[in-house]
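> fold the stuff below for me.
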Amino acid sequence: MDLATHYATGPAEDDRLARTPHGRLEYLRTQELLRRHLRGHERVLDVGGGTGVHAAWLAAEGHPVHLVDVVPAHVDRAAAVPGVTASVGDARGLDAADASYDVVLLLGPLYHLVEAADRTRALAEARRVLRPGGLLAAAGISRYLSLLEAGAAGTLSADRVAPVREVIDTGAYDGHAGFVRTHWHTATELHDEVTAAGFADTTVFGVEGPAWPALDAAGIAEYPHLAESALRAARIVERDPHLIDASAHLLAFAGQPA
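Predicted structure coming up:
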């Protein structure tokens with residue numbers, strides 16, 4: 001299934017980060033980490049930004065945001081968000097001038113681009129359109145997501161062991177737990193890919209921390225009672241080399257050399 005078909009026929013992208021407890025935690029932590037790194041009212045290019053879930057709050061806080069996505073239906077919805085402009089486009093070939101943005105977000109493309117060469121192209125394009133001293137924020141899915149999710153939910157059946165091992169070993173996710181074929185990272189791999197693209201001072205954070213499987217196991221009704229503790233746990237080990245890959249998502253920040 002291609003990307004456009006998946007998002008046209010699957011669950012609505014608008015509420016993806018609200019459907020599960022760990023999705024809500026991901027949203028809050030992504031906001032927290034982005035706010036920590038943003039300065040003033042910066043021009044943001046949100047590449048692969050979907051329907052504008054992050055573009056919406058960034059625009060509301062005064063950042064001019066242009067969103068690019070490969071799915072036309074996403075672009076139509078994002079274009080209706082106040083303060084956001086949007087266009088159909090591909091992370092590997094952006095329709096933007098050199099050095100035209102202060103911040104580039106790649107919060108989806110790097111895992112949807114399953115070939116390393118395509119991820120390299122997307123990172124090169126992000127670097128091209130960033131001004132000197134600009135900021136990149138690039139997300140990855142952790143290779144350990146499926147193991148932790150299925151293990152906590154009691155769904156790690158015998159027939160799932162091999163694909164779970166495969167994604168841990170290689171990063172190649174075959175869709176065994178839903179979603180489309182994607183590439184999943186370790187924190188080290190994400191760091192190295194961003195740095196190899198020519199960015200400086202790359203730092204990778206664990207987004208959800210180690211408590212997200214417990215949130216999902218407890219269920220959405222318990223989320224308000226458990227979320228603050230899970231947030232604290234995520235902050236404590238957000239760069240801990242022993243636990244960073246226990247997050248469901250990883251978020252790399254790096255600078256465009258001046």
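> got any ranges where the stretch 1-150 of the chain has weak pLDDT?
When residues are selected by pLDDT under 70, those of the stretch 1-150 of the chain lie in 1-14.
> what segments of the stretch 51-200 of the chain are helices?
Using DSSP state H, counting those that start in this stretch, the helices of the stretch 51-200 of the chain run over 53-60, 72-79, 109-112, 116-129, 145-153, 161-170, 187-196.
> what's the closest of these to residue 249?
Taking C-beta to C-beta, helix 145-153 is the member of those nearest to residue 249, at 8.0 Å. All C-beta atoms are positioned from the backbone trio N, CA, C, and that covers glycine.
> what comes up buried for that closest one?
Within helix 145-153, the residues scored as buried using 16 or more other C-beta atoms under 10 Å are 145, 146, 147, 148, 149, 150, 152.
> tell me which element residue 251 falls in.
Assigned by DSSP states H and E, residue 251 falls within strand 249-255.
> export that strand as PDB, just CAs?
Listed next in PDB are the C-alpha coordinates belonging to strand 249-255 (Å, rounded to 0.1, in the frame of the first residue of the first chain):
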ATOM      1  CA  HIS A 249       9.900   8.100  18.800                       C
ATOM      2  CA  LEU A 250      13.200   9.900  18.600                       C
ATOM      3  CA  LEU A 251      13.700  13.500  17.800                       C
ATOM      4  CA  ALA A 252      17.000  14.900  16.500                       C
ATOM      5  CA  PHE A 253      17.900  18.500  16.600                       C
ATOM      6  CA  ALA A 254      20.800  19.900  14.600                       C
ATOM      7  CA  GLY A 255      22.100  23.200  13.300                       C
END
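> paired strands for that strand, with orientation please.
For strand 249-255, the paired strands and their directions (DSSP bridges) are strand 130-141 (antiparallel), strand 200-206 (antiparallel).
> for it, which outside residues touch it?
Applying C-beta atoms under 8 Å, 6 or more residues apart in numbering, the contact partners of strand 249-255 are 26, 30, 33, 37, 133-142, 185, 187, 190-191, 194-195, 199-208, 244.
> list only buried entries from the residues you listed.
Here, 16+ other C-beta under 10 Å leaves 26, 30, 33, 134-142, 185, 187, 190-191, 194, 199, 202, 204-208, 244 buried among the contacts of strand 249-255.
> before we move on, back to that, quick one, which of the strands paired with strand 249-255 gets closest to residue 165.
With C-beta to C-beta as the yardstick, what comes closest out of the strands paired with strand 249-255 is strand 130-141 (16.4 Å).
> okay, the angle between the closest one and helix 116-129?
Here strand 130-141 points in a direction 150 degrees away from that of helix 116-129 (axes from the mean of the first three to the mean of the last three C-alpha atoms, to 10 degrees).
> starting at the chain centroid, how far to stretch 74-90?
Here stretch 74-90 is found 18 Å from its chain centre; the criterion is C-alpha atoms, centre = their mean, to the nearest Å.
> pull out the buried residues from that stretch.
Across stretch 74-90, burial judged by 16+ other C-beta under 10 Å covers 74, 75, 77, 78, 81, 84, 86, 89, 90.
> hmm, back to that, let's have the strands paired with strand 249-255 in JSON lines, adding distance to residue 216.
Below are the strands paired with strand 249-255 laid out as JSON lines (distance: least, C-beta to C-beta, whole Å):
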{"stretch": "strand 130-141", "distance to residue 216": "15"}
{"stretch": "strand 200-206", "distance to residue 216": "16"}
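> right, and the ones you listed - which one's nearest residue 96?
That would be strand 130-141 among the strands paired with strand 249-255, by C-beta to C-beta, at 9.8 Å.
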